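Got a predicted structure here, sequence first:
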Amino acid sequence: MPEQLSETHHFALNWQLQLSEAFTTIEDLCEYLELSLNELAISQAASKQFAMRVPLSFAASMQKGNPDDPLLRQVLPIRDELVDYTNFSLDPVGDIQAAVQPGVLHKYQGRVLLINTGSCAINCRYCFRRNFPYNDLQLSKQQESGAIEYITSDPTITEIILSGGDPLLLSDARLASLIRQIEAIGHIKRIRIHSRLPIVLPARVTDELVKILANCSKQMILVVHSNHANEINGRVITACNLLKNSGITLFNQSVLLKGVNDNAAILCDLSEKLLAVGIIPYYLHLLDKATGTGHFEVSEIEAKILVEQVQNTLPGYLVPKLVKEQAGAASKQYLL
Ligand SMILES: *Cc1c(COP(=O)(O)O)cnc(C)c1O
Ligand code: SF4
């Protein structure tokens with residue numbers, strides 16, 4: 001089948017089918033991108049440690065034939081992942097200690113984060129949860145009632161964060177039921193969803209999903225995750241417009257990644273493209289030091305210089321807050 005035709009066919013599928021057709025082997029992805037395997041430092045061993053997973057919607061924004069494409073670099077398993085870096089560990093942000101019960105992280109004042117699922121539509125090689133014991137920590141349907149009880153019994157909690165993994169991988173029915181249970185808790189003011197799906201699998205943003213989110217009686221905030229302006233393609237723009245027009249507040253968080261976005265012009269371009277679709281830049285995270293991600297690290301000094309350059313170029317509302325996560329701290333640490 002000619003490629004254009006097969007892509008048109010793919011993007012007409014529902015999100016579950018699109019997800020089932022995601023690239024899961026290095027060979028398939030490289031063939032699609034017209035890259036020969038020997039021009040890349042690929043590693044099958046790395047993909048065994050943490051599986052490769054890339055939806056076509058994301059891969060379609062990569063530049064064919066470019067082994068250094070900033071989107072490709074985020075998802076391609078490479079040999080650098082097997083290098084041991086000192087100070088990199090399995091649980092760099094102390095999430096395992098912060099779990100008050102399975103799937104419930106209560107680390108910061110007033111906010112509780114629920115790990116609704118361990119899965120993601122895309123596997124980002126730099127992910128701090130790549131080594132996370134998901135099976136022990138994710139909130140199963142059966143454990144939901146325990147989480148709801150915990151939240152109900154503590155009136156200091158005012159915001160629930162649905163996270164993961166990617167919480168928008170839950171079915172509409174499961175999401176709607178969870179939101180209904182949270183809505184019934186009087187002291188909750190806001191529900192915040194942390195999801196990369198509007199960026200990497202925008203077909204997930206269906207009318208039905210938008211209705212579930214927009215009809216919630218609590219304030220609804222969606223924090224997406226995009227690292228590079230090239231990720232904001234036409235399908236993403238359509239999805240963000242749907243969300244924005246339904247009154248959902250949209251923010252973005254990025255991770256500062258060597259070889260992806262460690263450049264002031266790239267960061268400025270990302271902020272501009274995000275705002276154009278109604279998304280306000282929120283956080284720019286320093287890399288969490290998770291085993292297997294050392295080659296993505298940008299030093300704190302370099303990071304500050306970069307963000308100062310962004311500050312000198314853009315209005316304040318387009319400058320993301322440079323933060324780092326410190327295990328045991330009362331909030332994310334602001335670096336500027
Ligand atoms: C990052 C994080 C939050 C949210 O922090 P904000 O600064 O409010 O965005 C909440 N809980 C946990 C466990 C987190 O890691
Ligand atoms: S979408 Fe987020 S949680 Fe999922 S693999 Fe990427 S960085 Fe990790």
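Yes, it's here. Ligands and ions are numbered 1, 2, ... in the order given.

partners of Gln333 in the sheet?
With DSSP bridges as the criterion, Gln333 is bridged to Lys324.

Just give me the neighbour total for it.
12 (other Cβ atoms under 10 Å). The way it works is simple: take the backbone N, C-alpha and C, and place the C-beta from them, glycine included.

ditto for Ala184
11.

what's the answer for the one 10 residues further on, then?
The tally of other residues near His194 (other Cβ under 10 Å) stands at 21.

Gly292 against Arg79, yeah?
No: using Cβ atoms under 8 Å, Gly292 and Arg79 do not qualify as a contacting pair, with a distance of 11.1 Å.

and those two? which has more neighbours close in?
Counted by other Cβ under 10 Å, Gly292 and Arg79 do not tie: Gly292 has more neighbours, with 23 against 13.

Now do that one against Ala22, distance only.
To Ala22, Gly292 is 21 Å away according to Cβ to Cβ, to the nearest Å.

Strands of the stretch 151-300 of the chain, start to end?
159-163, 190-194, 219-225, 249-255, 280-285 (DSSP state E, counting those that start in this stretch).

can you redo these as a markdown table with distance to Ala41 and mean pLDDT?
Compiled in a markdown table, these are given as follows (distance: least, Cβ to Cβ, whole Å; pLDDT from 0 to 100):
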| stretch | distance to Ala41 | mean pLDDT |
| --- | --- | --- |
| strand 159-163 | 31 | 97 |
| strand 190-194 | 31 | 98 |
| strand 219-225 | 25 | 98 |
| strand 249-255 | 21 | 98 |
| strand 280-285 | 25 | 98 |
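
So which of these is nearest ligand 1?
The minimum distance between ligand 1 and these falls on strand 159-163, with 5.4 Å, by Cβ to the nearest ligand atom.

at contact distance from ligand 2, anything in that closest one?
No: using Cβ under 6 Å from any ligand atom, strand 159-163 never reaches ligand 2; the gap is at least 7.9 Å.

quick one: strands adjacent to that strand?
Applying DSSP bridges to the sheet, strand 159-163 is found paired with strand 111-115 (parallel), strand 190-194 (parallel).

any chance of those strands in CSV, plus distance to Leu256?
Shown next, in CSV, are the strands paired with strand 159-163 (distance: least, Cβ to Cβ, whole Å):
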stretch, distance to Leu256
strand 111-115, 22
strand 190-194, 18
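
Let me know which of those is the nearest to Leu29.
For Leu29, the closest of the strands paired with strand 159-163 is strand 190-194, at 25.7 Å, according to Cβ to Cβ.

Burial check on the residue lying closest to Ser195 once chain neighbours are set aside, number of neighbours?
The spatial neighbour of Ser195 that comes closest, neighbours along the chain excluded (Cβ to Cβ, 6 or more residues apart in numbering), is Leu168 at 4.4 Å. Using other Cβ under 10 Å, the number of residues around Leu168 comes to 27.

Report pLDDT for Leu168.
If you check Leu168, the pLDDT there is 98.

ok, now which ones touch it?
Residues in contact with Leu168 (Cβ atoms under 8 Å, 6 or more residues apart in numbering) are 175, 193, 195, 197-198, 204, 209.

Output the residues you listed in a markdown table, with distance to Ser217 and neighbour count appended to each entry.
Converted to a markdown table, the contacts of Leu168 look like this (distance: Cβ to Cβ, whole Å; neighbours: other Cβ atoms under 10 Å):
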| residue | distance to Ser217 | neighbour count |
| --- | --- | --- |
| Leu175 | 15 | 19 |
| Ile193 | 16 | 24 |
| Ser195 | 21 | 24 |
| Leu197 | 23 | 27 |
| Pro198 | 22 | 27 |
| Arg204 | 23 | 22 |
| Leu209 | 17 | 21 |
